[in-house]
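Novice: Got a predicted structure plus its sequence, pasted below:
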Amino acid sequence: MNPKIAVIIPCYKVSNYISDVLSLIGPEVDRIYIVDDSCPEKTANIVEKYFQEDRITVIRHERNQGVGGAVISGYKAAIDDEMEILVKIDGDGQMDPRLVLNFIIPIANGEADYTKGNRFFDLEELRSMPKMRLFGNAVLSLMSKLSSGYWNLFDPTNGYTAIHVDVARHLSFDKISRGYFFETDMLFRLNLLRAVVVDVPMVALYGEEVSNLKISKIVGEFFVKHLRNFSKRIFYNYYLRDMSLASIELPLGIAFLVFGVAHGGYHWVYSAQAGVPTPAGTVMLSALPIITGIQFLLGFIGHDIVSVPDRPIHAKIGARTSKARKGLT
């Protein structure tokens with residue numbers, strides 16, 4: 001039985017590209033949700049004028065809510081319409097709609113709960129990516145691995161995604177970031193659910209469109225939000241829901257490392273001012289805690305890496321939801 005597929009397209013200043021995007025969406029898609037995020041170019045009007053298809057639903061925002069807000073509106077509409085797999089693509093033409101099945105198949109086969117694009121698989125194709133964007137995505141990917149716990153993923157800001165509806169239903173939409181941090185924050189929320197996320201190789205299509213995302217302007221904001229999510233994830237996964245050896249390794253590692261650096265730094269400054277060499281015993285008393293602290297932290301990171309979710313949850317969630325519904329009828 002084929003799943004009911006919905007495609008959600010957030011629209012903001014994409015009036016020149018939306019027609020090409022819609023024309024490439026195949027018949028395998030059951031519903032298309034155009035979310036006009038208070039677009040100054042009135043993209044919704046263009047769609048309604050030139051695309052008279054029953055499967056297209058237009059959603060309008062009176063005020064701009066950001067890409068995250070637009071996608072969440074699409075998710076809610078698709079959930080209400082009982083769609084089963086929800087795909088999100090952008091309306092600027094950088095994401096090929098003909099790749100939709102590549103994102104759906106891992107979910108439909110029970111291999112993943114959520115799929116996302118990765119533009120870094122083909123090294124030859126990376127030559128077409130702007131160098132600043134390439135560097136920025138590499139930095140953001142490292143921060144995302146730490147904050148989300150998905151060490152097996154790359155390209156976290158990639159907006160070509162698909163999610164099973166049973167997993168989407170359990171997301172706290174009111175807590176997810178509404179701006180450009182949306183895709184990255186989704187990974188953090190999915191990790192809290194222990195959802196399986198899989199990267200799908202893809203090639204971005206860069207033309208004359210101008211991206212509204214400026215890496216240089218959001219790195220600082222992203223850093224703060226990544227630090228917040230990292231702290232929350234560690235607390236939830238290692239101290240609130242479960243405890244393991246890694247729960248001990250992290251605080252010990254930090255304590256030893258801080259003590260070693262502080263002790264060594266203090267005596268280094270004191271010796272430099274006094275003009276005398278630091279005693280060997282003092283050096284060892286600083287070096288050993290630093291080495292021990294690093295070992296503890298590496299042990300924690302190793303545990304965190306092997307703890308990446310690997311069992312899809314949507315089948316179990318769907319079964320529980322069906323039983324609950326039957327119990328209410």
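Specialist: Received the coordinates, thanks. No experiment lies behind these values; they were computed from the predicted model shown.
Novice: List of residues touching stretch 67-75?
Specialist: Residues from elsewhere that reach stretch 67-75, judged by C-beta atoms under 8 Å, 6 or more residues apart in numbering: 6, 8-12, 33, 35, 37, 59, 61, 65, 86, 88, 159, 163, 168, 171, 173, 176-182, 185. C-beta here means a position set from N, CA and C on the backbone, and glycine is covered the same way.
Novice: just the buried members of those?
Specialist: Taking 16 or more other C-beta atoms under 10 Å as the criterion, what is buried in the contacts of stretch 67-75 is 6, 8-12, 33, 35, 37, 59, 61, 65, 86, 88, 159, 163, 168, 171, 173, 176-178, 180-182, 185.
Novice: What strands line up against the one helix or strand Asp199 maps to, and which way round?
Specialist: According to DSSP states H and E, Asp199 maps onto strand 197-201. Sheet pairing for strand 197-201, assigned by DSSP bridges, gives strand 114-118 (parallel).
Novice: Could I have the CA atoms of the strand it pairs with written out in PDB?
Specialist: This file holds the C-alpha atoms of strand 114-118, laid out as PDB (Å, rounded to 0.1, in the frame of the first residue of the first chain):
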ATOM      1  CA  TYR A 114      13.100  11.500   9.100                       C
ATOM      2  CA  THR A 115      15.300  12.000   6.100                       C
ATOM      3  CA  LYS A 116      17.200  15.100   5.100                       C
ATOM      4  CA  GLY A 117      19.400  16.200   2.200                       C
ATOM      5  CA  ASN A 118      23.200  16.200   2.200                       C
END
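Novice: So what touches that strand?
Specialist: So strand 114-118 is in contact with 95, 103-104, 106-107, 153-156, 158-164, 167, 183, 186, 190, 195-202, going by C-beta under 8 Å, 6+ apart.
Novice: Which members of those are positioned in helices?
Specialist: 103-104, 106-107, 167, 183, 186, 190 (DSSP state H).
Novice: Double-check Ser244 against Leu250; I have them as touching.
Specialist: No. Here Ser244 does not reach Leu250: they are 10.4 Å apart, not a contact under C-beta atoms under 8 Å.
Novice: Mutual contacts of these two, please.
Specialist: Tyr238.
Novice: quick one, which of the two is more surrounded?
Specialist: Neighbours were counted for Ser244 and for Leu250 using other C-beta atoms under 10 Å; Leu250 has more, 19 against 12.
Novice: For that one, what is the enclosing helix or strand?
Specialist: helix 245-274.
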